[in-house]
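*Asks:* Take this sequence and fold it.
(one chain, ligands or ions: 1)
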Amino acid sequence: MTIAPRVWFFDLDGTLYTPVRGLWPAVGARIEAFLQQALQLEPAQARALRQRYIQQYGTTLHGLRAEHPDIDPRAYLDFVGQVPVEDFLRPDPRLQQLLTELPGPKWIFTNADAPYARRVLRALGVADAFDGIIDIVALGLVGKPWPEAYAQALRLAQAPRERAVLIDDLQANVEGARAAGWRAIWVNPQATTPRADEIPHIYALPQVLSQERAP
Ligand SMILES: [Mg+2]
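*Replies:* Numbers count the residues shown, from 1 in each chain. Got it, this is the predicted structure:
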């Protein structure tokens, strides 16, 4: 039995853990607080601006960079990343075991920044399971699903495209990966039956892979 060696690229939020009550609203509140302070906005204006940025540019960060190049993106990432993830996330031994048993290099590939990603990984108890973190700064602030992000991730991980697998909860990111020639597995909570390209949660990953390996 031959198993094609793979290089795993895991998204962080919504992929390694399912949406946790309270965490994402807390992140959203910090994004809006940053917009309020940086642009002298009322709370309702900041909320509307965030919604427009997401619609128009995909992320608040891209909107800020396009319309306010004077604002330091690192200041934005630092501020938003200080959300107290430790209050929301607990160690996940099942996830830790899954990652330990998965052969091949494993990278975090996230549109968040590395300090935040490290805190999330520590809170989940899986900080040692990864070979490295490819974050939005390492991506030159151009994240998924832009084609450059996938090319840069391959360069940083020194991985050939045909061995790359993305696991991500955002359909746009999954489609971006496939367009770039990667294999991609969509973590879609609406999925009913785990398939090779779509699983309802991260814990279904070994099942899907073992089916592939069956003779
Ligand atoms: Mg995600």
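*Asks:* Next up, the contacts around the residue of the chain found nearest the ion.
*Replies:* Nearest residue of the chain to the ion (CB to the ion) works out as residue 14 at 3.6 Å. In this view, the C-beta of every residue, glycine as well, is placed from N, C-alpha and C. By CB atoms under 8 Å, 6 or more residues apart in numbering, residue 14 lies in contact with 169, 170, 187.
*Asks:* Thought residue 13 was touching the second one, still the case?
*Replies:* The one in question is residue 170. No - contact criterion CB atoms under 8 Å: residue 170 and residue 13 do not qualify, at 9.4 Å.
*Asks:* between the two, which one's more packed in?
*Replies:* residue 13 (21 against 18; other CB atoms under 10 Å).
*Asks:* gap between the nearest residue to the more buried one once chain neighbours are set aside and residue 51?
*Replies:* Distances taken as CB to CB, 6 or more residues apart in numbering put residue 112 closest to residue 13, at 6.7 Å, once the chain neighbours are dropped. Residue 112 sits 20 Å away from residue 51, going by CB to CB, to the nearest Å.
*Asks:* Which one's more surrounded, the two?
*Replies:* Neighbour count, other CB under 10 Å: between residue 112 and residue 51, residue 112 has more, with 23 against 12.
*Asks:* Retrieve the pLDDT associated with that one.
*Replies:* Predicted confidence (pLDDT) for residue 112: 92.
*Asks:* Just to check, it is in contact with residue 81?
*Replies:* Yes - between residue 112 and residue 81 a contact is recorded at 6.9 Å, counting by CB under 8 Å.
*Asks:* near the ion, which residues of the protein show up?
*Replies:* 11, 13, 14, 169 (CB under 5 Å from the ion).
*Asks:* Repeat the analysis, applying 6 Å as the threshold.
*Replies:* 11, 13, 14, 15, 168, 169, 170 (CB under 6 Å from the ion).
*Asks:* Tell me the one of these nearest residue 57?
*Replies:* Comparing those against residue 57 with CB to CB picks out residue 170 as the nearest, at 14.9 Å.
*Asks:* Please report how far the closest one lies from residue 115.
*Replies:* 21 Å.
*Asks:* Residue 203 belongs to a helix?
*Replies:* Yes - per DSSP: H, G, I helix; E, B strand; the rest coil, residue 203 lies within a helix segment.
*Asks:* So what's the residue count around it?
*Replies:* So residue 203, with other CB under 10 Å, has 15 neighbours.
*Asks:* correct me, but it touches residue 97?
*Replies:* No - using CB under 8 Å, residue 203 is not in contact with residue 97; the gap is 9.9 Å.
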